[in-house]
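**Q** Okay, predicted coordinates and the sequence, questions at the end:
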Amino acid sequence: MPAVPAVPAVSAVSAVVAGTAGTAATGTAATTAPPAFAARAASVEGSPVREILALTQRPGIISFAGGLPAPELFDTEGLRAAYDAAFALSARRALQYSTTEGAPELRAAVAARASARGLPTGADDVLVTSGSQQALTLVASALIEPGDVVLVENPTYLAALQCFALAGARVVPVPCDEAGILPDALAELVARERPKLLYTIPTFQNPTGRTLPASRRAAVAEVAARLGLWLVEDDPYGDLRYEGRDVPWLAAHPGAEDRTALIGSFSKIMAPGLRLGWLRAPAALLRAATVAKQAADLHTSTVDQLAAAHYLATADLDAHIGGVRAAYRERRDALQSALSRTLSADCDWNLPEGGMFVWARLPEDHDATALLRTAVAHGVAFVPGAPFHAAAPDPRTLRLSFTTHTPGEIAEGVGRLGAALAEYGATPRAVSAPATPQAVSAPARP
């Protein structure tokens, strides 16, 4: 097995900042260093997920780290035809500047899909963004002042924590259990902390894969309306359901109508390279986000918007999503089966109804970050769970993405993970154990 590359311990930003102090000499003349970076740039670490992805690019690594769609499932022919059509119908428009709000036909298509899912939406309610991450950044720019309190699930999406930190927010975790946010605890926190907003991924959450039940969504909406709170509902995975029934968006519940920013993405159902997302929000917030976008990038790529709009008008996206769901369901089940055959009996993990991730926990006295080095030496990678926590990280947790690899590759990867655990100190479960998934609910997160 090749030598293990070092896992980056310091973010690229921090490394750059550390090297900017002091003076430099150019020839014989001394020069004064430019002023220091903004404090927020020095205080926010780089994403361990992005660093681990770079670490695992070498051949032979089976990576459960990144939440990457399976590239072999992209509708390459359909998307190529959509780009051809964008140029054939109006090359000049496709290559020209566009409006900040987005191409009218794409906004209308997004609105139609949202309405079909039970949330009446018009094109004027939608802002097209350069990926859903930009939508979150625009909302943060519009709502958050330095020092404002932002509530999040614990654990939560790592890039959201970065976004809020760069905005100067004080991030406070909301108590959760295996089903997600505890509404009573949320109400207590809102009354005590007076937060500006709650950020949540209620459907197939990243990193845990859990889904907030409809009754709790209604309770969260009621708390927001009664106590005065913005809701930021991030839904990049909602179309990727493998079992069970759809749960209405938070934005569709009474009390949430005038205070919910709903964020969506085409990355998981079409292709992430398009960098297309969207924001549905009340009119005043949408206007503020539009101004923030003007300052950020003027508008999202015109040609990408027109190609996506043509694709939505001519292709059967729902049929394509059906094929993606079937493949991902098989891969999820392959991961569950391999974990049951391979990991020690004192490991546990959950069984998500959809999305891209399984949340697992190692035995007592294990540390997933320490295990990662051994795992990479065995040719497999994952993301340790600690960086996803806003407070009180559980070092035993880890996130496993199942969408990128075939069932056979998944089985091989889990086998390597079992070998890494054995070397690290765990005892693997006998290979003869039943192949039926024996998953348990994810542990409660304080």
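**A** Cool, the structure landed.
**Q** as a whole number, average confidence for stretch 96-114?
**A** In this model, stretch 96-114 has a mean pLDDT of 98.
**Q** Next: stretch 61-76.
**A** 95.
**Q** now do stretch 367-384
**A** 94.
**Q** for stretch 403-422, same thing?
**A** 97.
**Q** Tell me where the stretch 251-400 of the chain has helices.
**A** 283-297, 302-314, 317-342, 368-377 (DSSP state H, counting those that start in this stretch).
**Q** so can I have a markdown table of the ones you listed showing distance to Asp258 and mean neighbour count?
**A** Just so you know, the C-beta spots here come from the backbone N, C-alpha and C atoms, and that holds for glycine as well. Output for the helices of the stretch 251-400 of the chain, formatted as a markdown table (distance: least, CB to CB, whole Å; neighbours: other CB atoms under 10 Å):
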| stretch | distance to Asp258 | mean neighbour count |
| --- | --- | --- |
| helix 283-297 | 9 | 16 |
| helix 302-314 | 28 | 21 |
| helix 317-342 | 30 | 18 |
| helix 368-377 | 41 | 20 |
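**Q** how about those helices, which one is nearest Ala179?
**A** Closest to Ala179 of these, according to CB to CB: helix 317-342, at 18.7 Å.
**Q** tell me what the closest one is packed against?
**A** The contact analysis (3 or more CB pairs under 8 Å, 6 or more residues apart in numbering; DSSP states H and E) places helix 317-342 against strand 357-361, helix 407-424.
**Q** So for Ala38, what's the pLDDT?
**A** Residue-level pLDDT assigned to Ala38 equals 86.
**Q** Kindly compare burial across the helices and strands packed on helix 317-342 and name the winner.
**A** Highest mean neighbour count of the helices and strands packed on helix 317-342: strand 357-361, a mean of 24 (counted as mean count of other CB atoms under 10 Å).
**Q** got the angle for that one vs helix 407-424?
**A** Strand 357-361 and helix 407-424 are oriented at 20 degrees to each other (axes from the mean of the first three to the mean of the last three CA atoms, to 10 degrees).
**Q** Might you calculate how far strand 357-361 sits from the centre of the chain?
**A** 14 Å (CA atoms, centre = their mean, to the nearest Å).
**Q** That one pairs with which strands, and in what direction?
**A** Next to strand 357-361 in the sheet, as set by DSSP bridges, lie strand 348-349 (antiparallel), strand 397-401 (antiparallel).
**Q** So which of those is the most surrounded?
**A** strand 397-401 (a mean of 25).
**Q** Could you check the angle that strand makes with helix 317-342?
**A** Using the same axes, to 10 degrees: strand 397-401 against helix 317-342 is 130 degrees.
**Q** which outside residues touch strand 397-401?
**A** Contacts with strand 397-401, where a contact means CB atoms under 8 Å, 6 or more residues apart in numbering, come from 64-68, 155, 207, 335, 349, 356-362, 368, 371, 382-386, 388, 443.
**Q** and Arg113, how many residues sit next to it?
**A** By other CB atoms under 10 Å, 18 other residues sit near Arg113.
**Q** Quick one: list the elements packing against the helix or strand that contains it.
**A** Element membership of Arg113 [criterion: DSSP states H and E] is helix 104-116. When contacts are defined as 3+ CB pairs under 8 Å, 6+ apart, helix 104-116 sits against strand 126-129, strand 260-265, strand 277-280, helix 302-314.
**Q** Name the surrounding residues that touch it.
**A** 101, 121-128, 262, 264, 276, 278, 280, 305-306, 308-309, 312-313.
**Q** Out of those residues, which end up buried?
**A** Among the contacts of helix 104-116, those classed as buried by 16 or more other CB atoms under 10 Å are 101, 121, 123, 125-128, 262, 264, 276, 278, 280, 305-306, 308-309, 312.
**Q** Looking at the helices and strands packed on helix 317-342, spot the one closest to Phe164.
**A** Among the helices and strands packed on helix 317-342, strand 357-361 sits nearest to Phe164 (CB to CB), with 20.9 Å.
**Q** And the contacts of the closest one?
**A** 67, 204, 206-210, 332, 335-336, 339, 343, 347-352, 385, 394, 396-402, 439, 442-443.
**Q** could you redo the last one with a cut-off of 7 Å?
**A** 67, 206-209, 335, 347-350, 352, 396-402, 442-443 (CB atoms under 7 Å, 6 or more residues apart in numbering).
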